[in-house]
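Colleague: when you get a sec, could you give me coordinates for this:
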Amino acid sequence: MAKVINIPKELTKKGELVLIPRKEYESFLHWQKSIKKFRPTASQKKALEKARKDFSRGRYITLKELKNELEGSSSS
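Modeller: Below you'll find the predicted structure:
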């Protein structure tokens, strides 16, 4: 006989549900705890803000342009 699992409506209203074996879930939690979270310093936050402003104003170069510049400077 097949097992039937009832899922409360409150859970399904919160989004999609994923069913995985407990060992895999515990392994995932262990892995997640081992990852260091990035916490930018004040100067990094300031640099990121400037970079975003520059990008929105069109002040950037493409990867292709960077490669061309680097290739040109290595041959001199």
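Colleague: can you give me the helices in the chain?
Modeller: Shown for the chain, the helices assigned by DSSP state H span residues 9-12, 22-34, 42-56, 63-74.
Colleague: what's stretch 40-47 in contact with?
Modeller: For stretch 40-47, the surrounding residues in contact (C-beta atoms under 8 Å, 6 or more residues apart in numbering) are residue 48. C-betas here are computed from N, CA, C, even on glycine.
Colleague: so that it lines up with my notes, have the first residue be 43 from now on.
Modeller: That works, and once the first residue is 43, the last one we named lands at stretch 82-89.
Colleague: let me see the mean pLDDT of it.
Modeller: Per-residue pLDDT values across stretch 82-89 average out to 97.
Colleague: same deal with stretch 92-100?
Modeller: 97.
Colleague: contacts for it next, please.
Modeller: residue 102.
Colleague: and stretch 50-63, how far apart are its ends?
Modeller: End-to-end distance for stretch 50-63, by C-alpha to C-alpha, to the nearest Å: 20 Å.
Colleague: export the helices of the chain to CSV and tack on distance to residue 45?
Modeller: Converted to CSV, these look like this (distance: least, C-beta to C-beta, whole Å):
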stretch, distance to residue 45
helix 51-54, 18
helix 64-76, 16
helix 84-98, 50
helix 105-116, 53
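Colleague: okay if I get these as CSV plus mean neighbour count?
Modeller: What follows is those, written out as CSV (neighbours: other C-beta atoms under 10 Å):
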stretch, mean neighbour count
helix 51-54, 8
helix 64-76, 9
helix 84-98, 10
helix 105-116, 9
